[in-house]
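*Asks:* below are the sequence and a predicted model for it; my questions follow.
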Amino acid sequence: MFIGSIIMLVYASVLDTVGFLTSSFIMFLFYSRLLGEKKIKTLLISAFGCVVLLYLIFDVLLGIMLPRGTGIFRTFALFIESYI
(Lines give C-alpha, C1' and ligand atoms only; values in the text may rest on other atoms or scores of the structure.)
Protein backbone atom coordinates (compact mmCIF):
# COMPACT_ATOMS: atom_id res chain seq x y z
CA MET A 1 0.00 0.00 0.00
CA PHE A 2 2.90 2.35 0.74
CA ILE A 3 4.43 1.72 -2.68
CA GLY A 4 1.07 2.38 -4.35
CA SER A 5 0.84 5.71 -2.53
CA ILE A 6 4.34 6.62 -3.68
CA ILE A 7 3.41 5.75 -7.29
CA MET A 8 0.35 8.03 -7.10
CA LEU A 9 2.35 10.84 -5.47
CA VAL A 10 4.99 10.72 -8.21
CA TYR A 11 2.25 10.51 -10.86
CA ALA A 12 0.48 13.59 -9.50
CA SER A 13 3.71 15.56 -9.27
CA VAL A 14 4.82 14.90 -12.88
CA LEU A 15 1.42 14.98 -14.59
CA ASP A 16 1.60 18.62 -15.72
CA THR A 17 5.21 18.38 -16.89
CA VAL A 18 5.14 14.97 -18.58
CA GLY A 19 1.51 15.03 -19.70
CA PHE A 20 -1.40 12.66 -19.30
CA LEU A 21 -0.55 10.10 -21.98
CA THR A 22 3.05 9.43 -20.97
CA SER A 23 2.67 9.66 -17.20
CA SER A 24 -0.52 7.58 -17.15
CA PHE A 25 1.04 4.87 -19.32
CA ILE A 26 4.04 4.62 -16.97
CA MET A 27 1.79 4.74 -13.88
CA PHE A 28 -0.39 1.90 -15.21
CA LEU A 29 2.75 -0.15 -15.94
CA PHE A 30 4.02 0.27 -12.38
CA TYR A 31 0.62 -0.35 -10.80
CA SER A 32 -0.01 -3.49 -12.85
CA ARG A 33 3.43 -4.76 -11.88
CA LEU A 34 2.72 -3.93 -8.25
CA LEU A 35 -0.52 -5.93 -8.44
CA GLY A 36 1.43 -8.97 -9.61
CA GLU A 37 1.39 -9.02 -13.41
CA LYS A 38 4.70 -10.33 -14.71
CA LYS A 39 4.20 -10.70 -18.46
CA ILE A 40 5.65 -7.72 -20.31
CA LYS A 41 3.25 -8.06 -23.24
CA THR A 42 0.23 -8.04 -20.92
CA LEU A 43 1.61 -5.05 -19.01
CA LEU A 44 2.12 -3.02 -22.18
CA ILE A 45 -1.22 -3.91 -23.76
CA SER A 46 -3.25 -3.27 -20.60
CA ALA A 47 -1.51 0.05 -19.87
CA PHE A 48 -1.98 1.19 -23.47
CA GLY A 49 -5.64 0.14 -23.46
CA CYS A 50 -6.39 1.91 -20.19
CA VAL A 51 -4.74 5.14 -21.30
CA VAL A 52 -6.53 5.16 -24.66
CA LEU A 53 -9.87 4.39 -22.99
CA LEU A 54 -9.44 7.16 -20.42
CA TYR A 55 -8.33 9.59 -23.14
CA LEU A 56 -11.39 8.79 -25.25
CA ILE A 57 -13.74 9.17 -22.29
CA PHE A 58 -12.35 12.47 -21.01
CA ASP A 59 -11.18 14.23 -24.16
CA VAL A 60 -13.54 12.97 -26.85
CA LEU A 61 -16.71 12.08 -24.94
CA LEU A 62 -16.68 14.69 -22.16
CA GLY A 63 -14.60 17.36 -23.91
CA ILE A 64 -12.21 17.76 -20.97
CA MET A 65 -8.69 18.75 -22.02
CA LEU A 66 -6.01 16.60 -20.43
CA PRO A 67 -2.47 17.85 -19.66
CA ARG A 68 -0.16 17.44 -22.66
CA GLY A 69 3.09 18.21 -20.87
CA THR A 70 5.89 20.51 -21.90
CA GLY A 71 8.69 20.37 -24.44
CA ILE A 72 9.25 17.01 -26.06
CA PHE A 73 6.42 15.46 -24.04
CA ARG A 74 3.96 17.96 -25.55
CA THR A 75 5.22 17.16 -29.04
CA PHE A 76 4.86 13.44 -28.33
CA ALA A 77 1.32 13.92 -26.95
CA LEU A 78 0.25 15.92 -30.01
CA PHE A 79 1.71 13.23 -32.27
CA ILE A 80 -0.15 10.43 -30.45
CA GLU A 81 -3.39 12.44 -30.29
CA SER A 82 -3.34 12.87 -34.05
CA TYR A 83 -3.69 9.08 -34.39
CA ILE A 84 -6.38 8.56 -31.74
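*Replies:* Cool, the structure landed. Numbers count the residues shown, from 1 in each chain.
*Asks:* name the element residue 63 belongs to?
*Replies:* In the assignment (DSSP states H and E), residue 63 maps to no helix and no strand.
*Asks:* starting from residue 53, give me the distance back to it.
*Replies:* 16 Å (C-beta to C-beta, to the nearest Å). Using the backbone N, CA and C atoms, a C-beta is placed for each residue, glycine as well.
*Asks:* looking at those two, which is more packed in?
*Replies:* residue 53 (10 against 7; other C-beta atoms under 10 Å).
*Asks:* measure the more buried one to residue 34 for me?
*Replies:* For residue 53 relative to residue 34 (C-beta to C-beta), the value is 20 Å.
*Asks:* quick one: the helices in the protein?
*Replies:* 2-18, 20-34, 40-55, 72-81 (DSSP state H).
*Asks:* where does the residue lying closest to residue 44 once chain neighbours are set aside land on pLDDT?
*Replies:* Nearest residue to residue 44, sequence neighbours excluded (C-beta to C-beta, 6 or more residues apart in numbering): residue 29, at 7.5 Å. With respect to pLDDT, residue 29 scores 95.
*Asks:* pretty sure residue 29 is touching residue 50, no?
*Replies:* No - Residue 29 is not in contact with residue 50 according to C-beta atoms under 8 Å; the separation is 10.0 Å.
*Asks:* and stretch 70-77, average pLDDT?
*Replies:* Mean predicted lDDT for stretch 70-77 stands at 92.
*Asks:* list the buried ones in that stretch?
*Replies:* Neighbour counts over stretch 70-77 (16 or more other C-beta atoms under 10 Å) mark 73, 76, 77 as buried.
*Asks:* ok, and the closest non-adjacent residue to the most centrally placed residue in the chain?
*Replies:* Residue closest to the average C-alpha location in the chain (C-alpha atoms, centre = their mean): residue 24, at 1.5 Å. Spatially, and ignoring its direct neighbours in sequence, residue 24 is nearest to residue 51 (4.9 Å; C-beta to C-beta, 6+ apart).
*Asks:* what does residue 16 give?
*Replies:* Using C-beta to C-beta, 6+ apart, the closest residue to residue 16 is residue 67 (5.2 Å).
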